[in-house]
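> Sharing a model that was predicted from the sequence below.
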Amino acid sequence: MDALKRQAAAKALEHVRDGMQLGLGTGSTAKHFVDLLGEKVAAGMKVVGVPTSEATRIQAEQCRIPLTTLDVIDRLDLTVDGADEVDGALNLIKGGGGALLREKIVAAASDRMIVIADETKWVDALGRFPLPVEVIPFGLAATQRMMAKAFAESGVSGQMVIRKGKDGHVFVTDGGHWIIDAHLGRIADAPRLAGLLNPIPGVVEHGLFIGLATTTVLAGAQGIRVIE
Ligand code: 5RP
């Protein structure tokens, strides 16, 4: 599986040109991309990156990839990131690694977003993977009630689990928030659910990435598939 992730990352690297401003994703697949990009930079390629998490920032610094922020530049040419699920419309579930907020900010500031994944991430409909929702701890029960209403209105329901870290404590995001993993099952209308979650005050962001990905590179036993 790790070899497939690296193949997808290598394919995405073919889209990177000298002088590009890049969004750098988070997760085990994006990690391969940052590694490979580091090799290009070491060989003389000039790019600048905006990392989507502290983990990616540390890795990119170790690879000596020059970094900047969206306070300094206003647009990115390309973001390359992983995903937990991708559907036929290139809508995504992201946030399995807990970086969905910065990932969405960076993807929304990018002209293009290439999703890199192994073929197990390709689904008919989003939702088998629990939907990560980044929330403010204050008033959590009220936020969860509003989330349950949004789920019901879009025809889904399921358990909401506050994410814990490996240490057994509540997982805290890079932004200082918590994550609720919503076990919904098949989401028939992901854009509608995204629209219903967006205005909930205690929801900082959710892991439905609608209309942001422009290309998906899927690596499988039969080879690489590029879907646009
Ligand atoms: C992190 C993410 C990741 O891109 C997603 O979880 C996929 O990770 P991996 O490449 O390790 O399967 O959204 O917040």
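Here it is on my side, so go on.
> make it CA atoms for all contacts and neighbour counts henceforth
OK.
> So which residue is smack in the middle of this protein?
Against the mean C-alpha coordinate of the chain, by C-alpha atoms, centre = their mean, the closest residue is Lys94 at 4.1 Å.
> my guess is it meets Leu101, correct?
No: applying C-alpha atoms under 8 Å, one finds Lys94 not in contact with Leu101, separated by 9.6 Å.
> Just the buried residues of the longest strand that the chain contains, please?
In the chain, assigned by DSSP state E, the strand with the most residues is strand 110-118. Within strand 110-118, the residues that count as buried by 16 or more other C-alpha atoms under 10 Å are Ser110, Arg112, Met113, Ile114, Val115, Ile116, Ala117, Asp118.
> now the nearest residue to the fifth one once chain neighbours are set aside, which residues is it bridged with?
Taking C-alpha to C-alpha, 6 or more residues apart in numbering as the measure, Val115 lies nearest to Thr216, with 4.6 Å between them; neighbours along the chain are not counted. Using DSSP bridges, the beta-bridge partners of Thr216 come out as Val115, Ile227.
> wait, Thr216 sits on Glu119?
No: in this structure, Thr216 is not within contact of Glu119 by C-alpha under 8 Å, at 10.3 Å.
> who has more neighbours, these two?
Taking neighbours as other C-alpha atoms under 10 Å, Thr216 and Glu119 compare with Thr216 leading, 26 against 22.
> list the contacts for that one?
Leu90, Ile114, Val115, Ile116, Ala117, Val226, Ile227, Glu228 (C-alpha atoms under 8 Å, 6 or more residues apart in numbering).
> repeat for Ala150
Leu193, Leu196, Leu197.
> all helices for this structure, in order.
Applying DSSP state H to the chain gives helices spanning 2-13, 28-42, 54-62, 100-108, 140-153, 190-197.
> Compute the inter-axis angle for the fifth one and helix 190-197.
Angle of helix 140-153 versus helix 190-197, following axes from the mean of the first three to the mean of the last three C-alpha atoms, to 10 degrees, is 150 degrees.
> of all the contacts of Thr216, which comes closest to Asp35?
Closest to Asp35 out of these is Ile116 (14.0 Å), distances taken as C-alpha to C-alpha.
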